[in-house]
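[1] Coordinates only, no sequence provided:
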């Protein structure tokens, strides 16, 4: 993914955070989804090959389905990832014509593609925004080492997600 796309995704996540007055760190991703105009439901038919899906419901709403077998940290990232698909690839509140063309079929998290990497980047930017990540990393840096485990716990994300975001932002 090129740097311009990464910057666009970071900026879009920041606009979403500001537009919906989302508090960071996010403690309840389902509440965030409800504030944005959607809902989250557990779907026992989803499995390790597709742990989440987003679909348009009605003219202005959406639903994010998640696998019921995910740990909470993974579930939070899956929902944030689905929000990435909604805003970036389905046009929710960003491209009315694209949103109108959505037919209600699910946009699933499956395989590796540019869209999947973009949705992952959106999820990371939503859950760990640049400014708040910078503040948190200062708090969890002791001498020459960063307590990345505590950083991940602060943002309610996996260790891998916290490390990847830190690398993307140039902190790690």
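    Alright, I've got the coordinates. Predicted model, so just to flag it, every value in this text is computed and none were measured.
[2] Specify the local secondary structure of the residue nearest to the spatial centre of the chain.
    With distances taken as Cα atoms, centre = their mean, the residue of the chain nearest its centroid is residue 123 (2.0 Å). Applying DSSP: H, G, I helix; E, B strand; the rest coil to residue 123 yields a three-state assignment of helix.
[3] Check the one 10 residues further on too.
    Assigned with three-state DSSP, residue 133 falls in the helix class.
[4] doesn't residue 169 make contact with it?
    Yes - under the criterion of Cβ atoms under 8 Å, residue 133 makes contact with residue 169 at 5.9 Å. C-beta here means a position set from N, CA and C on the backbone, and glycine is covered the same way.
[5] These two: who's more crowded?
    Legend: neighbour count by other Cβ atoms under 10 Å for residue 133 and residue 169, higher for residue 133 (23 against 18).
[6] check contacts around that one.
    For residue 133, the set of contacting residues under the criterion of Cβ atoms under 8 Å, 6 or more residues apart in numbering consists of 155, 165, 166, 169, 171.
[7] ok, and the most crowded of those?
    Among the contacts of residue 133, the one with the most neighbours (other Cβ under 10 Å) is residue 165, at 25 neighbours.
[8] Can you tell me how far that residue is from residue 72?
    Between residue 165 and residue 72 the computed distance is 18 Å (Cβ to Cβ, to the nearest Å).
[9] same deal with residue 62?
    Distance, residue 62 to residue 72, by Cβ to Cβ: 21 Å.
[10] Residue 127: neighbour count?
    Based on other Cβ under 10 Å, the number of other residues close to residue 127 is 27.
[11] going forward can the numbers begin at 14, since that is how I track them
    Will do, 14 is the new start, and the previous item becomes residue 140.
[12] any chance you could map the strands in the chain?
    Taking DSSP state E, the strands of the chain run over residues 51-55, 65-70, 74-79, 120-121, 154-155, 158-159.
[13] So which residues of this structure form helices?
    Along the chain, the stretches classed as helices by DSSP state H are 16-32, 42-49, 85-101, 109-114, 127-140, 143-152, 161-168, 172-182.
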